[in-house]
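>>> Here is my input; please provide its structure:
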Amino acid sequence: MNILQDIFLRYPAIPVAVSLVVGILVGERWQYTETWIVLALVSAATSAILHRHSKIMSTTILAGFCCIGAFLASRQQEKMNITLPKGEITYEAVVITEAREHPKTWSADIAIVSGIMKGRTVKAYFSKKAGKPPVPTTRFKATSALTLPQNSDNDKFDFSLYLRRHGICATTFIAPWKYKQTGFDTDGLSKTTAVTARLRLMRLALLSKIETWGLHKDTEALVAGVALGQRNAISREMRDTYSQAGAAHILALSGLHLGIIWAMFGIFSIGRWRTLGIMLSLPTIWAYTMLVGLPSSAVRAAIMLTICSVASLTGRRGASLNALAFAAIIILIANPVAVHDLGVQLSFSAVAFILVFTSPFTNIVSREWQMRHRIISKLWQMCVLTTVANIGTLPLIAYNFSRVPLYTIATNLVAIPLVTILLWLFVVCMLLMVMGIPEMIFKNAAWLLDNTASCLNKSMELVASMPYSSIDGINISAMQTIILYCFLLCISFSLLKSCHAGE
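Presented below is the predicted three-dimensional model:
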């Protein structure tokens, strides 16, 4: 049996996920919706007829999933192929995202619920002269002209393509005298959009509560970003500092944040309370994922933690490449354009490397030695995990940010414990606020939260200011990125083989 067949037998979800990805990329290029669905049905029929021929059946099944991916991508792209009306139009719409501040305007996504553009999502810009920024679920009537998204001549980022992949077909500027707010509701929206808008409004309410805790401006922005996924208040300088220090992933909601919350229940789930703790952790994790807006990286983590929890209850191993591939399948079917989401790419590549390489590299040091030196062993395990995760994301970071941070391992040894403490203190502050605990106790908890966030910021600033903290100006292509991944995989497997050969 060759290596490829072995992978297919041990991890059947991986080729399915890869087939979906290939199909999505093909479907975006060749948008033949009806053709792809017919080919998918033909593949399903062929696999059923030839079920006795395992190789042919497997090939046709994978071809079918490839066609399904192409169909989903084609259908989503065809929805965006519309002709915008000329001149101004009058419509009714609902704000579905938080407002983002610009020098003279606020921007937010709106869903049009009446008129010739009903059912379309538009990026709207509201003049600051109109007053306060719009909040999710705000319903209004407006008259404005819709235009196709334009890219800046000096910006390499393809803003038009980014909006199109997120289902936004146009942009518009709404003048204050052509805008009239009519209330707050989600009538006319799809169920998913309506629920998401209400959850975003709930998150804004929580953020307004955080503003009363007396935190400093930078620490308040960090707490809002790390705990609730609201990154709008985080300054560009702070983001650049964390990127240069190799801790940019801390500012984006991912498996790290959900894993910390999941671990909270694990600590108190001992003995006979273990099952109850796991049963309570799952709804908490999904409620948190929904509250922060269902980012794909957090959804991936929530799916995997759910699989791990269920497997733990049944005495099986849940954290595996199959679970990761299964999470990818669910995300891609629900949202095909997630394949282009950088957060998704970084999240999946990091977890894949962790699952494949953490245990083998950790076990290079004998288990007997690890048992005798438990504290050093924990540090060794954290170093290995951080190293393999950063190796897994290195090509993507170099490709997207033209930068490679050099002190990432040391940075994460400091940053991850501080983020864990920060999230725990945030939960404590929220509980104290809800329970109406005496103000003195709450102020002490908020003071600890403020100082923890401040310590995290200062430590990242220190790392970023060190000589050679990062290599900047890297310019590699997509093909070079793929080649670099192949090179890293070959090097990693060669190191493992040589280490095991020397034992």
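
>>> Name the helix or strand of the chain that has the lowest mean pLDDT.
helix 3-10 (a mean of 62; mean pLDDT, DSSP states H and E).

>>> Toward the C-terminus, what is the element adjacent to that one?
Counting by DSSP states H and E, the next helix or strand C-terminal to helix 3-10 is helix 13-29.

>>> Can you show me the CA trace of that next one as CSV?
This file holds the C-alpha atoms of helix 13-29, laid out as CSV (Å, rounded to 0.1, in the frame of the first residue of the first chain):
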residue,chain,number,x,y,z
ALA,A,13,-12.2,13.4,5.2
ILE,A,14,-8.9,15.0,3.9
PRO,A,15,-9.3,14.1,0.2
VAL,A,16,-13.0,15.2,0.4
ALA,A,17,-12.0,18.6,1.8
VAL,A,18,-9.2,19.0,-0.8
SER,A,19,-11.7,18.1,-3.6
LEU,A,20,-14.1,20.8,-2.4
VAL,A,21,-11.3,23.4,-2.3
VAL,A,22,-10.2,22.5,-5.9
GLY,A,23,-13.9,22.5,-7.0
ILE,A,24,-14.4,26.0,-5.5
LEU,A,25,-11.4,27.4,-7.2
VAL,A,26,-12.5,25.9,-10.5
GLY,A,27,-16.1,27.0,-10.1
GLU,A,28,-15.0,30.6,-9.5
ARG,A,29,-13.2,30.6,-12.8
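
>>> chain center to it: distance?
Computed by Cα atoms, centre = their mean, to the nearest Å, the chain-centroid distance of helix 13-29 equals 19 Å.

>>> elements contacting it?
helix 3-10, helix 54-80, helix 321-334 (3 or more Cβ pairs under 8 Å, 6 or more residues apart in numbering; DSSP states H and E). Every residue, glycine included, has its C-beta placed from N, CA and C.

>>> which stretch among those comes nearest W286?
With Cβ to Cβ as the criterion, W286 lies closest to helix 321-334 of the helices and strands packed on helix 13-29, at 13.2 Å.

>>> From the chain's centroid, how far away is that closest one?
Remark: helix 321-334 is offset 14 Å from the chain centroid, using Cα atoms, centre = their mean.

>>> ok and it relative to helix 54-80, angle-wise?
Helix 321-334 runs at 40 degrees relative to helix 54-80, counting by axes from the mean of the first three to the mean of the last three Cα atoms, to 10 degrees.

>>> between helix 321-334 and helix 13-29, what angle do the directions make?
With the same axes, to 10 degrees defining the directions, helix 321-334 sits at 30 degrees from helix 13-29.

>>> now helix 321-334: mean pLDDT?
Taken as a whole, helix 321-334 has an average pLDDT of 86.

>>> For the residue nearest to the spatial centre of the chain, what is the enclosing helix or strand?
The chain has S297 as the residue nearest its centroid, 2.6 Å off, counting by Cα atoms, centre = their mean. Using DSSP H and E, S297 sits within helix 296-313.

>>> Hey, what's the angle from that helix to helix 321-334? Just curious.
Calculated by the same axes, to 10 degrees, helix 296-313 forms an angle of 140 degrees with helix 321-334.

>>> Against which helices or strands is helix 296-313 packed?
helix 255-268, helix 274-291, helix 321-334, helix 342-362.

>>> JSON lines please, covering these and showing mean neighbour count and distance to T138.
Putting the helices and strands packed on helix 296-313 into JSON lines (neighbours: other Cβ atoms under 10 Å; distance: least, Cβ to Cβ, whole Å) gives the following:
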{"stretch": "helix 255-268", "mean neighbour count": "18", "distance to T138": "29"}
{"stretch": "helix 274-291", "mean neighbour count": "16", "distance to T138": "19"}
{"stretch": "helix 321-334", "mean neighbour count": "20", "distance to T138": "27"}
{"stretch": "helix 342-362", "mean neighbour count": "20", "distance to T138": "27"}
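
>>> Quick check: which of those is nearest to T192?
Nearest to T192 among the helices and strands packed on helix 296-313 is helix 321-334 (9.6 Å), distances taken as Cβ to Cβ.
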